[in-house]
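# Structure, please.
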Amino acid sequence: MEKIVIIGGVAAGATAAAKARRLSADAEITILESGPDISFANCGLPYYIGGDIKSRSKLILQSPESFNEQYQTAVHINTSATEIDRENKVVHTVDSHTGEKKTFDYTKLILAQGGKPIAPPIPGADQDHVFQLWTLEDMDKIHTFIENRSPKTAVVVGGGFIGLEMAEALVKRGMKVSVVEMMPHVMAIMEAEIAGFIQQEMMSYGVDVLTNKAVADIGRNHVMLKDGASVDADLVLLSIGVRPTLKLAENAGLAIGEAGGLLVDATLKTSDDNIYAAGDMVELEHRIHGKKVRIPLAGPANRQGRIAAENAFGKRHEYKGSIGTSIVRVFEAVAGTTGLSLKAARAAGLNADAIVIHKEHHTSYYPGAEQVTVLVVYDRETGIVLGGQTAGYAGADRRLDVLAAAAAAKLTVADLADMDFAYAPPLGTANDAMNMAAYVAENRMSGYSPALTVSELDAASESRGALWLDVRDVFAFEKSHVEGAVNMPLEILTTKLNELPKQKLIYVYDQTGKKGHQALRTLIGAGFTKVFNVSGGFSSLAGYVRAVAPSSFQLDLPAPEPKTIGENIEAEEKSTPKVEVKKAESNEPLIVDVRTTDEFSYGAVPGAINIPLDEIQARLDEFGQKDKKIILYCASGARSAYAKQILHHYGYTNLENGGGVSRMMARSRTS
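Model prediction:
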């Protein structure tokens, strides 16, 4: 009879035990857990503190009793394994409450001890208002402290997943929160422009984000930074990373790998043929570049637990490695990463490029459309997807899963370009964001549309002397633009080409990159040779600047619009601007903006009135006499052409389609 002993009873350990029982009805299975709980939802701890999860009991997936009843597994909690006698196949333990020592013999041993939060040697870190979050006990201590002490301010040290989730939770508990991060931006594993999207959301909710900062000392009600700044803190959460729990394995003489985790082979077997390991304590092969890495995530841990149990029973199930797919939601903003970032890919010696696109997560005409960002990293020769990142208020998770599948299967951007994705107006677009990202990558690969990500152009030495060409409309330009940029809206670009120097390096950008591509093709067609489209356009520039201070350009952004907890992320209906109707007897042409009231309030041609296309028939009396000169315009000229047809049907005779707003603005300034 097999005797399976599993050290560790949370993600990998509990999964291994459950799988072991399904594989064998008569094996003797034992779990040794050093803590008071097994199989609890540690990923849900911040959401209980923040109030999203109301019931603590929902986080307890199994108790020792229920696990034993369901899987006939002996579960020993508060039982620390102190020694592995590999020769005699015995585990020595001690009960942390009673001090009682016991031994457990095994035929196969599975190590699933996970990791522990790194405890930095910061003076003052041992005080009762300083916490880490890893277990239910940690969660209870934080919750009780908040209930009893009613802290007003908090500092979260570390801008990773748990740190940001806890920042949100503490804001929801009524605290003024500051996040201190040593790296240049939060979520250091992500590209700066993706992290900038998250940082902007945090700033909108009043969170102070202090990057490139380190904590020197923790006082009773403040945190002192190494640069001398003091930050108010009635509560401090330390969340700077996780270290694998290896002491038991090291003392047993098991091999440790180059990445600092327990070394296992493809079957998750350690250097001892009778000992397997799974979860956060092991190092594994990254599926993209094949190097050894540590990826402490719940998904890989659970899958490894299953595989370790199978192989402990003599099966041959190889773990293919991980690509590190992970995602975070901070307030309403979502960002995720999979595979390699551009920096990581190039550091690994891969010939990598990247592109960024921003597109509606479902059709723009269906209510509730939100912009989703997709960043794809790929091999510039083969087009194989190496990884990527996504961000947005809706749809980011769906696109990240596509990227994860593509990277794991070694699909190419050409494969993504031709792939069918689910489409209905409330759910997607006919050309999904993934299709569009693939098209943009193909265009960069072929040289049809030379492009650079913001991080690439910021790092390029020649960027300092480049000419920045902003092809957005004048209203967007006036709100914010790259310092020194020239504004030539796309609609009038062809009439202004002689004003641009053909010998100079030109960076073109619009709002999202799409019109920038069109402008680039116009310039190339006119003989310009040193021109690049800024991948992702102004949206990417803004995200990058929110996260880091660029070295090769300057872009001043307005403060993010304040948000409050419980606020719907969709913009509230704006009141209709007051319409000043021109008198019919005036000899001046009547200029009518047929865009929506939201578009009109963003910026309009001087003297124009706003009568949205959908309201024309109900507001015919505002157009005056039917032979009066009426100039209609919209964003591009399409809706104004339709408005002209409607008015012509009702007998208006002196009509002109002025086209898009940029063309009308240029015309207004000329006149």
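
# Going by C-alpha atoms from here, please, whenever you check contacts or count neighbours.
Noted.

# Could I get the pLDDT score of Tyr602?
At Tyr602, the model reports a pLDDT of 88.

# Do I have it right that it meets Val474?
No: taking contacts as CA atoms under 8 Å, Tyr602 lies outside contact range of Val474: 10.8 Å.

# which stretches of the stretch 501-650 of the chain have low pLDDT?
Within the stretch 501-650 of the chain, the segments meeting pLDDT under 70 span 567-586.

# In it, what residue spans correspond to helices?
514-525, 537-547, 597-602, 638-649 (DSSP state H, counting those that start in this stretch).

# Quick check: which of those is buried the most?
Mean neighbours per residue, mean count of other CA atoms under 10 Å, is largest over these for helix 537-547, with a mean of 24.

# I'd like to know which helix or strand in this protein has the lowest mean pLDDT.
Ranking every helix and strand in the chain by mean pLDDT, DSSP states H and E puts helix 661-670 at the bottom, with a mean of 85.

# got the contact list for that one?
473-474, 489-492, 604-606, 633-636, 658 (CA atoms under 8 Å, 6 or more residues apart in numbering).

# what is the closest residue in space to Pro123 that isn't next to it in sequence paired to in the beta sheet?
In this structure, Pro123 finds its nearest non-sequential neighbour in Asp217, 5.1 Å apart by CA to CA, 6 or more residues apart in numbering. With DSSP bridges as the criterion, Asp217 is bridged to Met224.

# Are we agreed that Lys116 is in a strand?
Yes: under DSSP: H, G, I helix; E, B strand; the rest coil, Lys116 sits within a strand.

# Run through the helices of the stretch 351-500 of the chain in chain order.
Under DSSP H, counting those that start in this stretch, the stretch 351-500 of the chain gives helices at 396-408, 413-417, 433-446, 454-459, 474-479.

# Show me what counts as buried in the last one.
Put plainly, it is helix 474-479. For helix 474-479, a neighbour-count test (16 or more other CA atoms under 10 Å) marks 474, 476-477 as buried.

# now do the first one
Buried positions in helix 396-408, judged by neighbour count with 16+ other CA under 10 Å: 396-397, 399-408.

# picking up where we left off before, kindly reformat the helices of the stretch 501-650 of the chain as CSV containing distance to Lys213.
Below are the helices of the stretch 501-650 of the chain laid out as CSV (distance: least, CA to CA, whole Å):
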stretch, distance to Lys213
helix 514-525, 36
helix 537-547, 14
helix 597-602, 37
helix 638-649, 51
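
# for these, which one sits closest to Thr98?
Closest to Thr98 of these is helix 537-547 (CA to CA; 50.6 Å).

# before we move on, the earlier item: and the contacts of helix 661-670, which are buried?
Buried among the contacts of helix 661-670 by 16+ other CA under 10 Å: 473-474, 489-491, 604-605, 633-636, 658.

# Hmm, the residue nearest to Pro123 is touching Ile122, no?
Yes: using CA under 8 Å, Asp217 is in contact with Ile122, at 5.9 Å.

# Mind checking which of these two has more residues around it?
Applying other CA atoms under 10 Å to Asp217 and Ile122 shows that Asp217 carries more neighbours, namely 16 against 11.

# for the closest residue to Val531 other than its chain neighbours, what are its contacts?
Using CA to CA, 6+ apart and skipping the chain neighbours, the partner closest in space to Val531 is Ile506 (4.6 Å). Neighbouring residues of Ile506 by CA under 8 Å, 6+ apart: 466-469, 530-532.

# sorry, back to before: now the buried ones among the contacts of helix 661-670 in JSON lines, with distance to Ser461?
Below are the buried ones among the contacts of helix 661-670 laid out as JSON lines (distance: CA to CA, whole Å):
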{"residue": "Asp473", "distance to Ser461": "29"}
{"residue": "Val474", "distance to Ser461": "29"}
{"residue": "Pro489", "distance to Ser461": "27"}
{"residue": "Leu490", "distance to Ser461": "28"}
{"residue": "Glu491", "distance to Ser461": "31"}
{"residue": "Ala604", "distance to Ser461": "39"}
{"residue": "Val605", "distance to Ser461": "39"}
{"residue": "Tyr633", "distance to Ser461": "42"}
{"residue": "Cys634", "distance to Ser461": "40"}
{"residue": "Ala635", "distance to Ser461": "37"}
{"residue": "Ser636", "distance to Ser461": "37"}
{"residue": "Gly658", "distance to Ser461": "43"}
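
# Those residues in strands, which ones?
Using DSSP state E, 633-634, 658 are the members of the buried ones among the contacts of helix 661-670 that sit in strands.

# Quick check: the residue nearest the centre of the chain vs Thr135, distance?
What sits nearest the mean C-alpha location of the chain, by CA atoms, centre = their mean, is Ala335, with 1.4 Å. Ala335 is 25 Å from Thr135, where distance means CA to CA, to the nearest Å.

# I figured Ile84 was touching His92, is that so?
Yes: counting by CA under 8 Å, His92 is a contact partner of Ile84 at 6.4 Å.

# helix/strand/coil for the residue nearest to the centre of the chain?
Taking three-state DSSP as the rule, one finds Ala335 in the strand state.

# Just the pLDDT at it, thanks.
Note on Ala335: pLDDT of 98.

# Compute the number of surrounding residues for the residue nearest to it when sequence neighbours are not counted.
Spatial nearest neighbour of Ala335, excluding adjacent residues (CA to CA, 6+ apart): Ala391 at 4.1 Å. For Ala391, the tally of surrounding residues (other CA under 10 Å) stands at 29.

# Can you name the residues that contact Ala391?
Counting by CA under 8 Å, 6+ apart, Ala391 has contacts 194, 197, 333-336, 372-374.

# Would you check which pair of those residues lies furthest apart?
Spanning the widest gap among these are Ala333 and Val374, at 14.1 Å by CA to CA.

# of these two, who's got more company?
Neighbour count, other CA under 10 Å: between Ala333 and Val374, Val374 has more, with 28 against 19.

# what's around the nearest residue to that one once chain neighbours are set aside, how many residues?
The shortest distance from Val374 to any non-neighbouring residue, by CA to CA, 6+ apart, is to Thr390 (4.6 Å). A count of nearby residues for Thr390, using other CA under 10 Å, gives 28.

# Could you pull up the mean pLDDT of stretch 341-353?
On average, the pLDDT along stretch 341-353 is 96.

# what about that stretch, distance to the chain center?
19 Å (CA atoms, centre = their mean, to the nearest Å).

# which outside residues touch it?
Stretch 341-353 has contacts (CA under 8 Å, 6+ apart) with 189-191, 289, 354, 377-381, 386-389.

# Return the subset of these lying in strands.
Members of the contacts of stretch 341-353 lying in strands (criterion: DSSP E): 354, 377-379, 386-389.

# Contact partners for Lys629?
By CA under 8 Å, 6+ apart, Lys629 lies in contact with 588-590, 654-656.

# how about the helices of the stretch 151-300 of the chain, start to end?
With DSSP H, counting those that start in this stretch as the criterion, the stretch 151-300 of the chain has helices at 161-172, 192-204, 247-251, 298-312.

# So which elements touch the very next helix or strand once past the last one?
Stepping forward along the backbone from helix 298-312, the first helix or strand reached (DSSP states H and E) is strand 326-330. Taking 3 or more CA pairs under 8 Å, 6 or more residues apart in numbering; DSSP states H and E as contact, the helices and strands that strand 326-330 lies on are helix 161-172, helix 192-204, strand 333-339.

# cutoff 6 Å now
strand 333-339 (3 or more CA pairs under 6 Å, 6 or more residues apart in numbering; DSSP states H and E).
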